[in-house]
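**Student:** give me the fold of what follows.
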Amino acid sequence: MALPTSTVQLVDSLDQYDDVVSWINDTLTPKDSDDPSSTLVVDLTELDHQITQLLTTLDIALEDTSSQLERIIDDVSRGIPRLAYDLHFMKDGASTLQHALVGVLQRSRDAVPDETSAALDSLHHLDTIKGRMESSREVLREAESWSTLEHEVTSLIAEKSYGKAAERLSEANKSMVVFQNTPEYDPRRTLMVNLQNQLEAALSTALLSAINAQDITACREYFTIFSIIQRESEFRNYYYASRRSSIVSLWQTSSLVDCSPTPSAARDSAAQGFADFLSKFYNNFLSLLNTERTSVCSIFPDPSITLSQFISSTFSSLQPTFPQRLIAYSSHHGELTLSHLIIALRATEEFATGVEKIMEKVKYTTSPILSPRQVLPEKVPTHVRRRSSRMSISWRPGQPHRNSSSSAGITKANVESTEGMEWDQELFQPFLHFQVDYGSLERRFLEQSLCEIITSDTREKVQAIDRPRLFRERAVDIFGVAEGSMGRCKAFTHGYGSVGLVQALDGFFQSFIDMWTADVQTESQNPSSLLKHSLSDSELSDLDYTAQDWSDIQLSLHLLASARTVFDRLTTFETKMRTYLSQLAAHFRLALNDPSNFLIAVTKGESQLLEQSTLNSAELHALLISAENDANSRDPPFSATLRHQAPMPIPTPEPLLVNSRQALSTFAQTCQMSTTNTILSPLRNHLAGYAASPAWRVSGDPNLVTSSNDLQVPTFSLSPSDTVQRVAEGLLNLPRLFEVYADDDALAFSLQTLPYVESEVLQNLSEQSHDVPAQQAHRRRPSINYTKPSTIDPEVVSSAWLISLGHTFLEYLTTVVLPAIPTLSVAGAAQLASDLGYLSNIVQALNVEHTTLEKWRIYVTMNQDEGVKALNENKSGLGILDPVLEHIAKLRGWC
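**Tutor:** Now for the predicted structure:
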């Protein structure tokens, strides 16, 4: 379409389109003068010039339109005041005209003589009598024909002139309208039905013989007779029942191992599986349809609809029904029914594909060949927009110069397409119940696979040293089973069950990890067999750990390393799932934009059933949109300049398997707690008798010591007790322990689950884990696979573990050990203050600050006056008494 040169042409061309996008595409797309249907290559500079010219023309047209609209508004505004006067003038003129017409009518009546008026009235009366007599004659003729109808039709049937008998009944049926709302209608209607029944009964035997003999000529004649007497549906029933008998017999007489309700049939030597039988059944059915294709096209005027109804009626007449056998088939296979249902569905889809090919051949057989004279008027004018291949611009369904016959043809084609889909939905309807329940079926399948793996598992006989290895090996088996879940979802629901897929996999992985978490919790309560560790006899030999302690530490670290391996596999599996979902979202979008060329399922009927089911939910669309947006955010930039720039940070997508990640975090936390308890066990053993120490009951002034001459010698400070010194020595040895395991990546896994680790520490770890080396500033574009975080600094890992260990130990000290002290004397309080002060300095060296420990230290150093004052201030200020202060006050006797 050429670019309009004037505003009038521009407005006229714009008026021919329903949407602006179509007009812009046709206006700016150059056409070849020799071949208007082809387009030329658009130069960007020329296109920019055309857009500028078009915008200028549009601005001018807008100004002209505004000016004309203003002139029209002014004219209307000036004409409105005269409107009332004009209406009043028109009313007066109409009244005058009415009076004049009355006078003219009266004068015309007076001008006609009485004899002429009487003659006209007589002619009108005679015309009325003539019309009524003609109507009476027609009724009498119909009555005469009805009086001989039964005899004529019976004679024609006896003479086997079935065609003439049908025509006679058709003529009599047309006259039934005359007797409506009269007492004669019901008897004549009864007579008509009886005669039609006699004709049908006389034809039935010959009809069945012709159908069985595949006499197409006779069948066509009988179909014409049945159509004349309005018994076309009965003819189809005869035809369908006769032609499907072999298929129905095959279905009913088959002996199936996995669908039979009786054990005797299941033990039959000739019995076969339902999947094998279904393939055989569909092959025989396709052979029958190929045979019927020629016959149906020759007998029926609507072969596509007839063939569709034949398939639907065949499946409806099966006994037991297809849904009943499918339910029995599913019940027989139990938890593994999903894989068997997929086999049955795949066979059904192959059958549907074969039927569609037959339907396509039927359409080619029945489509009339148009002559050139008929084809020419259907050519679309050159100014109508061509169909665009871009998905963002929809094809306008209507064309401005389409004739009525073309529209009628399209309407008829749509009706036939809807009716022709009946067999498709009838075929896949039995599977819909199982497809809607796909999430449960997938979960049952996965759980059964997990049970089989557990059944063959020998964890009870495996030593503790082999449990981390067994955990990794079982994770390989579990993820291997889960690898096929996406293929099963695609094969069984064509992607509509993706929400159930994610939920089933999430629950499946969670069950597996929770099972191992329970095992670790059980093992942590029972001593495990000794593990060989790589430490030499002299290395760390001065620490208070037994061989069993070293074995437990090694086991926990190995389990943490296995958990890290499982986490990496889980992340990789999530990446595969996101790739699958993004591809599925792209396919759904193609089907949405062009449903005629892109189907989600194999056939239109199956796609429509899935689209109208509860699987097509808001959760599914949200999941696909999230996966599609994540995939789009990782696509390379279109511009080459942008590709050479430093890449923008990729946003971390929301995890799909949330419960699995949480279960893995729980497993890691269990291993961390086991490691923590083992590391802190010597320190807790040192504190076993600390609360019952006699030092807390010693009387006297702690600041004075009696010499051998009974002299009171002042003392300046107390030394910490031996117990606290041994504990402090153990705390100071903890960094040495982590230096040995500095190269072990297991300690760096799941630091966020370590107890008592502050959020600021995790934030620092996160900032360090996302640092990028300078030499990677121009790295390649990352793929859809999520990159693993960089290695965390071992010093940061050690610091996080030391903080956690320090807080855990101090929490045990302040909540279990110190509250167990029965009483405190003045000397005992001084000794406790010395111990806590010394211990506070030690833990501060480990970067640990504990508020409760500081409260114990501060409150213990108070004398009675200071303690009572602090007690009163705490009561009056906060209203709630500090439990540490209250406990120390009871020990010191302040309250």
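**Student:** show me the helices in the stretch 401-550 of the chain, by range?
**Tutor:** All helices of the stretch 401-550 of the chain, identified by DSSP state H, counting those that start in this stretch, fall at 404-420, 422-436, 438-455, 467-483, 485-493, 498-525, 547-593.
**Student:** and the angle for the last one with helix 485-493?
**Tutor:** This means helix 547-593. Helix 547-593 and helix 485-493 are oriented at 30 degrees to each other (axes from the mean of the first three to the mean of the last three C-alpha atoms, to 10 degrees).
**Student:** same check, this time on the third one
**Tutor:** Helix 438-455 runs at 140 degrees relative to helix 485-493, counting by the same axes, to 10 degrees.
**Student:** flag the shaky bits of the stretch 51-200 of the chain, pLDDT-wise.
**Tutor:** Within the stretch 51-200 of the chain, the segments meeting pLDDT under 70 span 139-145, 147, 175, 178-179.
**Student:** how does it look with 90?
**Tutor:** Residues of the stretch 51-200 of the chain meeting the criterion pLDDT under 90: 51-67, 73-89, 103-200.
**Student:** which other helices and strands contact whichever helix or strand Ile60 is part of?
**Tutor:** For Ile60, the host element (DSSP states H and E) is helix 44-79. Counting contacts by 3 or more C-beta pairs under 8 Å, 6 or more residues apart in numbering; DSSP states H and E, helix 44-79 packs against helix 7-15, helix 20-28. Backbone N, C-alpha and C define where each C-beta goes, glycine included.
**Student:** 6 Å - rerun?
**Tutor:** Contacts defined by 3 or more C-beta pairs under 6 Å, 6 or more residues apart in numbering; DSSP states H and E place helix 44-79 against helix 7-15.
**Student:** now do the helix it packs on, average pLDDT.
**Tutor:** Across helix 7-15, pLDDT averages out at 74.
**Student:** what ranges does the stretch 101-250 of the chain have for its helices?
**Tutor:** Along the stretch 101-250 of the chain, counting by DSSP H, counting those that start in this stretch, helices occupy 114-147, 149-158, 162-174, 185-212, 216-228, 232-243, 245-253.
**Student:** need the ones you listed in JSON lines with distance to Thr96 and mean neighbour count, can you?
**Tutor:** What follows is these, written out as JSON lines (distance: least, C-beta to C-beta, whole Å; neighbours: other C-beta atoms under 10 Å):
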{"stretch": "helix 114-147", "distance to Thr96": "29", "mean neighbour count": "11"}
{"stretch": "helix 149-158", "distance to Thr96": "65", "mean neighbour count": "16"}
{"stretch": "helix 162-174", "distance to Thr96": "55", "mean neighbour count": "18"}
{"stretch": "helix 185-212", "distance to Thr96": "56", "mean neighbour count": "16"}
{"stretch": "helix 216-228", "distance to Thr96": "65", "mean neighbour count": "18"}
{"stretch": "helix 232-243", "distance to Thr96": "66", "mean neighbour count": "18"}
{"stretch": "helix 245-253", "distance to Thr96": "86", "mean neighbour count": "14"}
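**Student:** let's have these in CSV, adding distance to Ser95.
**Tutor:** As requested, these are exported to CSV (distance: least, C-beta to C-beta, whole Å):
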stretch, distance to Ser95
helix 114-147, 30
helix 149-158, 63
helix 162-174, 54
helix 185-212, 54
helix 216-228, 63
helix 232-243, 64
helix 245-253, 83
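**Student:** out of the ones you listed, which comes closest to Thr294?
**Tutor:** helix 216-228 (8.0 Å; C-beta to C-beta).
**Student:** in terms of secondary structure, what does the closest one contact?
**Tutor:** helix 162-174, helix 185-212, helix 232-243, helix 274-299.
**Student:** and that helix, how far out from the chain middle?
**Tutor:** Distance of helix 216-228 from its chain centroid, counting by C-alpha atoms, centre = their mean, to the nearest Å, is 51 Å.
**Student:** that helix vs helix 162-174, what angle?
**Tutor:** In terms of direction (the same axes, to 10 degrees), helix 216-228 departs from helix 162-174 by 20 degrees.
**Student:** which residues touch helix 216-228?
**Tutor:** Tyr162, Gly163, Ala166, Ser170, Leu207, Ala210, Glu232, Phe235, Ser295, Ser298, Ile299 (C-beta atoms under 6 Å, 6 or more residues apart in numbering).
**Student:** now it - C-alpha only, CSV.
**Tutor:** What follows is helix 216-228 as a C-alpha-only set of coordinates in CSV (Å, rounded to 0.1, in the frame of the first residue of the first chain):
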residue,chain,number,x,y,z
ILE,A,216,-23.0,-48.6,-1.4
THR,A,217,-25.6,-47.9,-4.0
ALA,A,218,-28.4,-49.6,-2.0
CYS,A,219,-27.3,-47.9,1.2
ARG,A,220,-27.4,-44.5,-0.5
GLU,A,221,-30.9,-45.2,-1.8
TYR,A,222,-32.1,-46.3,1.7
PHE,A,223,-30.5,-43.3,3.2
THR,A,224,-32.5,-41.1,0.9
ILE,A,225,-35.7,-42.9,1.8
PHE,A,226,-35.0,-42.5,5.5
SER,A,227,-34.2,-38.9,5.1
ILE,A,228,-37.5,-38.3,3.2
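**Student:** how far off helix 274-299 does it point, in degrees?
**Tutor:** 80 degrees.
**Student:** let me know the angle separating helix 216-228 from helix 185-212.
**Tutor:** 170 degrees.
**Student:** 778 is where my numbering starts, stick with that
**Tutor:** With 778 as the first residue, the last one maps to helix 993-1005.
**Student:** can you redo the helices and strands packed on helix 993-1005 as TSV with distance to Leu878?
**Tutor:** Converted to TSV, the helices and strands packed on helix 993-1005 look like this (distance: least, C-beta to C-beta, whole Å):
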stretch	distance to Leu878
helix 939-951	47
helix 962-989	48
helix 1009-1020	59
helix 1051-1076	67
